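>>> Whatever this is, show me its structure:
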Amino acid sequence: MSETEGIRQVLARPGLRILDLRPHEEFVAGHLAGAVHHALTGPVDPGLLEAELPSIFLPPREIPLLVVTNDPVQARAAAEHLQGRGRAPVTGRTLNADDLAVLPPEMVASGTSRGHLW
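Numbers count the residues shown, from 1 in each chain. Alright, predicted model coming up:
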């Protein structure tokens with residue numbers, strides 16, 4: 001299954017929230033519609049995620065969450081960390097301009113985020 005097909009399957013989950021951890025420039029250029037942006041200040045590690053993604057920022061634990069990064073290792077690490085904090089289900093995926101180009105226009109947005117995860 002391609003990354004784009006995987007993203008489509010995840011996006012079909014009822015109530016899904018999207019947290020985009022990619023750099024600001026990449027997010028503004030294009031992101032999944034409805035995504036909330038939070039650019040991390042360094043490489044994904046448990047200490048950084050704990051500090052930069054406090055529970056108050058995240059949706060309730062039972063709401064499905066898609067974490068988007070531009071690196072598969074970081075996507076997996078972020079999803080595993082959030083699941084370890086009692087969140088389920090959390091899916092980590094990579095996303096780039098090529099992935100966005102093949103998605104239907106209604107699934108893609110650009111510009112800054114004004115939304116909330118909950």
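
>>> got the residue ranges for the strands in this protein?
Taking DSSP state E as the criterion, the chain carries its strands at 17-20, 31-32, 36-37, 65-69, 90-94, 108-109.

>>> which one of those strands lies closest to residue 55?
Minimum separation from residue 55 across those (CB to CB) falls at strand 65-69, 12.2 Å. Just so you know, the C-beta spots here come from the backbone N, C-alpha and C atoms, and that holds for glycine as well.

>>> which residues sit against the closest one?
Outside strand 65-69, the residues that touch it by CB atoms under 8 Å, 6 or more residues apart in numbering are 7, 10-11, 16-22, 31-32, 35, 44, 58-59, 75, 78-79, 82, 87, 89-95, 117.

>>> Restrict those residues to the buried ones and give me that as a ChimeraX selection.
Here is the ChimeraX command that selects the buried residues among these (16 or more other CB atoms under 10 Å):
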select :7,10,11,16,17,18,19,20,21,22,31,32,35,44,58,59,75,78,79,82,87,90,91,92,93,94,95,117
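
>>> Only alpha carbons, please: show the lengthiest helix in the chain as CSV.
If you go by DSSP state H, the chain has its longest helix at helix 72-84. Output of helix 72-84 as CSV, limited to C-alpha atoms (Å, rounded to 0.1, in the frame of the first residue of the first chain):
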residue,chain,number,x,y,z
PRO,A,72,9.0,8.2,8.6
VAL,A,73,11.1,7.6,11.7
GLN,A,74,9.8,10.7,13.4
ALA,A,75,6.2,9.9,12.4
ARG,A,76,6.5,6.4,14.0
ALA,A,77,8.2,7.8,17.1
ALA,A,78,5.6,10.5,17.6
ALA,A,79,2.7,8.0,17.2
GLU,A,80,4.4,5.5,19.6
HIS,A,81,5.1,8.2,22.2
LEU,A,82,1.5,9.4,22.1
GLN,A,83,0.1,5.9,22.3
GLY,A,84,2.4,5.3,25.3
